[in-house]
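Novice: sequence first, predicted coordinates after that:
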Amino acid sequence: MKVKNKFNMTLTACSANESFARACISAFAAQLDPTLEEINDIKTAVSEAVTNCIVHAYKEELGKIYITAEILDTNAIKIKIRDKGCGIEDVSKAMEPLYTTVGGERAGLGFAVMQSFMDGIKVTSKIGKGTNIVMIKKISLRYNNG
Amino acid sequence: MSVKIDVTGEVVTAYLIGDIDHHTAKEMRENIDNAIELNMPTLLILDFKDVSFMDSSGIGLVMGRYRTLAKTRAELHIMNAPPQIFKILKLAGIEKLAKLGGYSNEGKK
Ligand SMILES: Nc1ncnc2c1ncn2[C@@H]1O[C@H](COP(=O)(O)OP(=O)(O)O)[C@@H](O)[C@H]1O
Ligand SMILES: [Mg+2]
């Protein structure tokens, strides 16, 4: 598996950057010629991971979000989203559908969306150090005669 | 304006506009909750025709309104969700809380 193209960005963890992050990654993924559904899946998963950094990782501070995206020669995109926030105590519990530590308006479905819309996800986290999310999406090869 | 409200008798329709994420959901929620409080509808229709994107913050928005409406036994309907939004509504099992309508197969035409 070789990396054909790569980009890095660091964002301030403010909510205005949720739509900006989605737009950047979807523009970068466009070179794989994804379907509209594939691009929407990627945008939704990125939105979930970035929102979690803003809402959960940095509750009281304006921290930084580190994003890397790589185009792989297997026609896939690998996306890493990392924060240096509070960390997650029990990752497998946090990933259960409907589990949320913030009641009220959060649905607890962020990880469920990332899992179901992407082809692979790995979450590593350390209390007080931060959380690292790696997601992969394979893009279907399309042959058009046009 | 991210929400347009229409009131007809006991029915409140909220037309949601643009992206629904954690950044935009708060204002939408406040607008819809104001309309519920003011009109005490027996039916709230959330129309997604002009929603360009939605993540699980939108699911939180729908579930929250469902809980508010349940207190007065009012109903919730969801109309015209585009394919991307329909997919996430299904993942969340929203059809157990609200009637979904008007989505047809528009995205597949
Ligand atoms: N980057 C993160 N840093 C710290 N905690 C997180 C992070 N991402 C997720 N979590 C924890 O995992 C839980 C579940 O996340 P998620 O499935 O996205 O649901 P929600 O965001 O609606 O709470 C969150 O409530 C939070 O406790
Ligand atoms: Mg979340």
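Specialist: Received, thanks. Numbers count the residues shown, from 1 in each chain, chains lettered A, B, ... in the order given. Ligands and ions are numbered 1, 2, ... in the order given.

Novice: mind naming the longest helix for chain A?
Specialist: When chain A is parsed with DSSP state H, its longest helix is helix A:36-52.

Novice: low-confidence regions, the chain specifically.
Specialist: I went with chain A, as the question did not name one. A:144-146 (pLDDT under 70).

Novice: oops, I was thinking of chain B
Specialist: Looking at chain B by pLDDT under 70, you get B:103-109.

Novice: now do the strands in it.
Specialist: Taking DSSP state E as the test, the strands found in chain B are B:3-8, B:11-20, B:43-54, B:75-79, B:99-101.

Novice: in TSV: these, plus distance to residue A:132 and mean neighbour count.
Specialist: Just so you know, the C-beta spots here come from the backbone N, C-alpha and C atoms, and that holds for glycine as well. Below are the strands of chain B laid out as TSV (distance: least, Cβ to Cβ, whole Å; neighbours: other Cβ atoms under 10 Å in any protein chain shown):
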stretch	distance to residue A:132	mean neighbour count
strand B:3-8	36	14
strand B:11-20	26	20
strand B:43-54	25	20
strand B:75-79	35	19
strand B:99-101	36	14
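
Novice: of those, which is nearest residue A:111?
Specialist: Closest of the strands of chain B to residue A:111 is strand B:43-54, at 16.9 Å (criterion: Cβ to Cβ).

Novice: please see if that closest one touches ligand 1.
Specialist: No. Judged by Cβ under 6 Å from any ligand atom, strand B:43-54 makes no contact with ligand 1; its nearest approach is 13.8 Å.

Novice: now swap in stretch A:80-88 and tell me
Specialist: Yes. For stretch A:80-88 and ligand 1, the contact criterion (Cβ under 6 Å from any ligand atom) is met by A:83, A:85-86, A:88.

Novice: which one of those residues sits in the busiest neighbourhood?
Specialist: residue A:83 (25 neighbours; other Cβ atoms under 10 Å in any protein chain shown).

Novice: pretty sure it contacts residue A:13?
Specialist: Yes. The criterion here is Cβ atoms under 8 Å, and residue A:83 meets it with residue A:13 at 7.1 Å.

Novice: contacts only, for residue B:45.
Specialist: Residue B:45 makes contact with B:11-14, B:77-79 under the criterion Cβ atoms under 8 Å, 6 or more residues apart in numbering or on different chains.
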